[in-house]
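Visitor: mind folding the following:
(chains A and B)
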Amino acid sequence: MTHILSRRGFMMRSAAIGCSLAASPLVTPMTFASAPWDNRLVVIILRGGLDGLDAVRPWGDPDFVNARPSLATERDPALALDNYFGLHPALAPLMPLWQAGELGFVHAASQPYRDKRSHFDGQDLLEAGLASREGGLRDGWLNRMLQGVPNVTADTTYAIGREDMLLTRGAALVLRWTPEVDIGLSAQGLMLMELTMQDDPMLAQAMAQAVNLADQDGDPVVMADEQDMMEGMAADQKVLKGSKSHERIADFAAQQLRQDARITSFSIGGWDTHANQSRVLAKPLSKLADTILRLKDGVGANVWGKTTVIAMTEFGRTVRENGTKGTDHGTGGVMVLSGGALRGGKVYGRWPGLSEAALYDRRDLMPTDDVRRWAAWAMRGSFGLSRDHLERVVFPGLDLADDPNMLL
Amino acid sequence: MGGRRKRKGGHVAFDPIIAETRFGCGLSPVVRPPETIAEILDGTSQPSHVETQYPIASFDHYLTRVLVLGEARKKIRAKNGPDKAQELRKQLRVFLRASAVDQRHWLVQSMLRRSSTDAGFRERLAFFWADHFTAKGKRQALRYSSAPYAESAIRPHLTGRFEDMLIAAVTHPLMLSFLDQEKSVGPASPFALKRQAKQFGLNENLAREVLELHTLGVAGPYSQTDVRQLAELFAGLQWKTDVGLAYRPEIAEPGAERVLGKWYGSQQGQLADIHAVLRDLARHPSTARHIAHKLAVHFVSDAPDDALVRAIEAAYLDTDGHLPAVYHAMLSHTLSWQGAGNVKQPVEFVGSSLRALGFAQSDATALEDKNVKTQFLAPLLLMGQPWEGATGPDGWSEDDQQWASPQGLAARPQWALSLPEILPQARPDPREFVRVALGPDAPERVVFAAGAAESRREGIALVLMSPAFQRH
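Guide: Prediction:
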């Protein structure tokens, strides 16, 4: 694919074929208004129910090993977080961040959703930030957070990935993009499209922004000829199906955060480990570790120092292993925190214990904290939002309680 | 807007091109556009030949398969093997996989309907109303039943009274499941009183959405008390796999309920009371206004002229929501034939593109199931409209800006360029295709772009991406 052009190449080549590209709205970089804050927040939704007990293993709990004969087999001292907890081996690449105080966890936490343990309800409520479906789910908490904040522009917040996340849906402007989208036209085709759109400002502007974004997402925006286009589309199909899409998402997020974006959100799936968990869970955990490391690399030291990453899931999983060496839908779980702005190197939360009497419903890790509270404190610490806005608008009815002092 | 044909004078001039694009499924190389408003309305009044030619399963049929699944699972549960959980999961997985194949087949069927119908308005209305009454499977077994639901609850009522469609949709098993009605129990019902420890109670979800979304609209004159009272009245609406809707008086809340100032029901709950309140809600002036506005927004403009909305609303009120009269009011109004038109939703864009290229049964037959995933499901997702995937009961947005988002729009040429894979036989000359897709008065610039494209593939994509095609 030697003929594929970058946007810069496109401009030069197009100049050669005699078109006035400088005036072209499709290739002129967009200018954006300044963002309201300088700190960065990344929200990752872990879809499917992350098993917190396997990700952050409570080796110090006397009931842990017995409950998990095939999962809790090897206590590796190199993965010890403290005297009590140790990491899953797939998270080993994050140990340097732990040592640097840029990684932390909240254990035995969950959202208020209980009992039915449905992915569908659980994810909806997690993203809506509400305790129940009663009253309907219309918008997401990240969007409500933005509502009423001055100077929020479309590029302050990016929702990245294929799906339309409830988390970011609502009245405030949020830009969606997924690196899997390529316009796919040749340089000539792109110019002709611009020509047909010139009397329709709405379409022309959206397309101009798309060209800009497509130019930044790691593959070329225009194709030199039909052969390249077909190969490019085949490659995208592969990415669409393949396992590397999280890398492109992380890279794209990092690139935006380095510029005007202050908030990005996306999701990582694959956590629903009903069987053969020792094999299955390693994959999404590696993706998560990879994502965090790429974000750190991608934004650079300066921005990383202002960045907080929170990753949350709809529910944890059963304390005891099931008959197929996996775990079923549970309640309490773990929330992952990272970033240069984090006061990390710490497993936050209150540990309830794993004795049968201490469990929720005699089967699940008892939640002792609300993940929404931690998300709220991350937003309060990053953006200085008022307690009132957070407790009334963003997470209606939530009690923020005492400051856990999670950010530097 | 450059693309739209200029109207002569202020009168409506019926225009077959607009009739087929704005109120139909788009121009076709093989089906001629309607010539009169009467022809459009006649086409909607009965099932068109495409519905029998390209069948989609009825909801009853879908339920019989759920029933078979349930029986199989019952048998597994009765055994006492060590692998019971695994077997149950496997059983469900097999069912879901087969149902997903069906869903993709029904997607192709509905595209064939759009592509070959001579009653495009009927297809558009079916989509509009299925969206107004969005329902989807919440239980795993119902996950792929949205198309059968639309087939059974929506299509039979497209040209009846609104209240009949309202009743069919609101009391439908899929809606009862989607909006949590199956969990709702009258707190003072005999059933709940016998099981006080379990603390059964009402779930207001369905009642709220009926008032807010299906009938009065969010600005309507109802209060939280009305929601609560309606939820009490709805208690008892349940369904069973073997019979469908099954009203259960023993979980109904005893006593009468007062909704919008009128009393319904009595000591013994009955389905007739629920029908009565739904009929009254359907005939409420706020509902007339809500539906009139929504139709005008969907078909004509995001910000429709109030005169148009009032005309539709008047027809609704005059006829107690007789839908053909409502449609007639919209179609016969001058304002409906003006303006640049809305941005097509992705499903409409995909459907009208296929129609313009003459997508036919032979193409569908050649299309493998796995390609439906890559060539329809994935692109629709990227365009922002996953198939049957509206997240909430409020359905899809009518906001042009939502559909003309950078990502959503960029995914359109990406898909349009892949059309030669879906339609290997359709290799029209872009210079001719531009007249097929946009009519004889296609905008100059698009005609030029079609001719100047460096390949046939791009030429076709450029025509499909032009504002004249993107809007309708």
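
Visitor: what is the burial count for whichever residue of the stretch 201-350 of chain A sits closest to chain B?
Guide: Per Cβ to the nearest Cβ, A:Ala210 is where the stretch 201-350 of chain A lies closest to chain B, at 3.7 Å. Heads up, the C-betas are built off the backbone N, CA and C, glycines and all. Other residues within reach of A:Ala210, judged by other Cβ atoms under 10 Å in any protein chain shown, total 26.

Visitor: that one contacts B:Pro413, correct?
Guide: No. Contact between A:Ala210 and B:Pro413 fails when scored by Cβ atoms under 8 Å: they sit 9.4 Å apart.

Visitor: mind pulling up the pLDDT for the residue of the stretch 201-350 of chain A closest to chain B?
Guide: In this model, A:Ala210 is scored at 90, pLDDT.

Visitor: just A:Ala187 next, same as before
Guide: The model's pLDDT for A:Ala187 equals 86.

Visitor: go on, the one 3 residues further on?
Guide: pLDDT, the model's per-residue confidence, is 92 for A:Leu190.

Visitor: what about it, which SS state?
Guide: Three-state call for A:Leu190 (DSSP: H, G, I helix; E, B strand; the rest coil): helix.

Visitor: show me what contacts the residue of the stretch 201-350 of chain A closest to chain B?
Guide: By Cβ atoms under 8 Å, 6 or more residues apart in numbering or on different chains, the residues touching A:Ala210 are A:Val181, A:Ile183, B:Pro406, B:Gln407, B:Leu409, B:Ala410.

Visitor: low pLDDT regions in chain B?
Guide: B:1-12 (pLDDT under 70).

Visitor: that one: strands as residue ranges?
Guide: B:237-240, B:244-247, B:257-259, B:262-264 (DSSP state E).

Visitor: pick the most buried one from those strands.
Guide: strand B:257-259 (a mean of 20; mean count of other Cβ atoms under 10 Å in any protein chain shown).

Visitor: sheet partners, orientation included, of that strand?
Guide: Strand B:257-259 pairs in its sheet with strand B:262-264 (antiparallel), by DSSP bridges.

Visitor: other residues contacting the strand it pairs with?
Guide: Taking Cβ under 8 Å, 6+ apart as the rule, strand B:262-264 contacts B:Leu233, B:Ala256, B:Glu257, B:Arg258, B:Asp273, B:Ala276, B:Val277, B:Asp280.

Visitor: and the buried ones among those residues, selectable in PyMOL?
Guide: The PyMOL command for the buried members of the contacts of strand B:262-264 (criterion: 16 or more other Cβ atoms under 10 Å in any protein chain shown) is given here:
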select buried, chain B and resi 233+257+273+276+277+280
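
Visitor: backbone phi and psi for the residue in the stretch 201-350 of chain B that chain A sits nearest to, please?
Guide: Residue nearest to chain A within the stretch 201-350 of chain B: B:Glu204 (5.8 Å; Cβ to the nearest Cβ). B:Glu204 adopts backbone torsions of phi -90, psi 0, taken as degrees, to the nearest 10.

Visitor: mind listing what it touches?
Guide: A:Glu134, A:Gly135, B:Ser184, B:Val227, B:Arg228, B:Ala231.

Visitor: among the contacts of A:Ala210, which one lies nearest to A:Asp164?
Guide: The shortest approach to A:Asp164 among the contacts of A:Ala210 belongs to B:Gln407, at 9.7 Å (Cβ to Cβ).

Visitor: ok, back up a step: name the nearest residue to the residue of the stretch 201-350 of chain B closest to chain A, ignoring sequence neighbours.
Guide: B:Ala231 (4.4 Å; Cβ to Cβ, 6 or more residues apart in numbering or on different chains).

Visitor: surely that neighbour touches B:Leu202?
Guide: Yes. With contact defined as Cβ under 8 Å, B:Ala231 reaches B:Leu202; the gap is 4.7 Å.

Visitor: chain A: strands as residue ranges?
Guide: Under DSSP E, chain A gives strands at A:40-46, A:56-58, A:85-87, A:103-110, A:157-160, A:175-177, A:263-268, A:307-313, A:333-338, A:346-348, A:369-370.

Visitor: want to throw those strands into TSV with distance to B:Leu335?
Guide: As requested, the strands of chain A are arranged in TSV below (distance: least, Cβ to Cβ, whole Å):
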stretch	distance to B:Leu335
strand A:40-46	44
strand A:56-58	62
strand A:85-87	65
strand A:103-110	53
strand A:157-160	36
strand A:175-177	33
strand A:263-268	41
strand A:307-313	49
strand A:333-338	53
strand A:346-348	60
strand A:369-370	52
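
Visitor: and those as TSV, adding mean pLDDT and mean neighbour count?
Guide: What follows is those, written out as TSV (pLDDT from 0 to 100; neighbours: other Cβ atoms under 10 Å in any protein chain shown):
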stretch	mean pLDDT	mean neighbour count
strand A:40-46	96	26
strand A:56-58	98	23
strand A:85-87	98	22
strand A:103-110	98	26
strand A:157-160	90	25
strand A:175-177	87	23
strand A:263-268	94	25
strand A:307-313	98	25
strand A:333-338	98	27
strand A:346-348	98	19
strand A:369-370	98	20
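
Visitor: so can I have TSV of those showing distance to chain B?
Guide: Shown next, in TSV, are those (distance: least, Cβ to the nearest Cβ, whole Å):
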stretch	distance to chain B
strand A:40-46	14
strand A:56-58	24
strand A:85-87	29
strand A:103-110	21
strand A:157-160	9
strand A:175-177	5
strand A:263-268	13
strand A:307-313	19
strand A:333-338	21
strand A:346-348	32
strand A:369-370	23
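
Visitor: closest one to A:Asp217 among the ones you listed?
Guide: Short answer: strand A:175-177, nearest of those by Cβ to Cβ, at 7.1 Å.

Visitor: for A:Ala376, give me the pLDDT.
Guide: 98.

Visitor: and for it, the neighbour number?
Guide: The number of residues near A:Ala376, taken as other Cβ under 10 Å, comes to 25.

Visitor: which ones are touching it?
Guide: Going by Cβ under 8 Å, 6+ apart, the list of residues near A:Ala376 reads A:Leu390, A:Glu391, A:Val394, A:Phe395, A:Leu398, A:Leu400.

Visitor: again, only using 10 Å
Guide: By Cβ atoms under 10 Å, 6 or more residues apart in numbering or on different chains, A:Ala376 lies in contact with A:129, A:141, A:145, A:370, A:385, A:387, A:389-391, A:394-395, A:398-401.

Visitor: buried ones among those?
Guide: Judged by 16+ other Cβ under 10 Å, buried ones among the contacts of A:Ala376: A:Gly129, A:Trp141, A:Met145, A:Asp370, A:Leu385, A:His389, A:Leu390, A:Glu391, A:Val394, A:Phe395, A:Leu398, A:Leu400.

Visitor: rewinding a little: list the residues that contact both of B:Ala231 and B:Leu202?
Guide: In contact with both B:Ala231 and B:Leu202: A:Glu134, B:Gln181, B:Ser184, B:Gly186, B:Glu253, using Cβ under 10 Å, 6+ apart.
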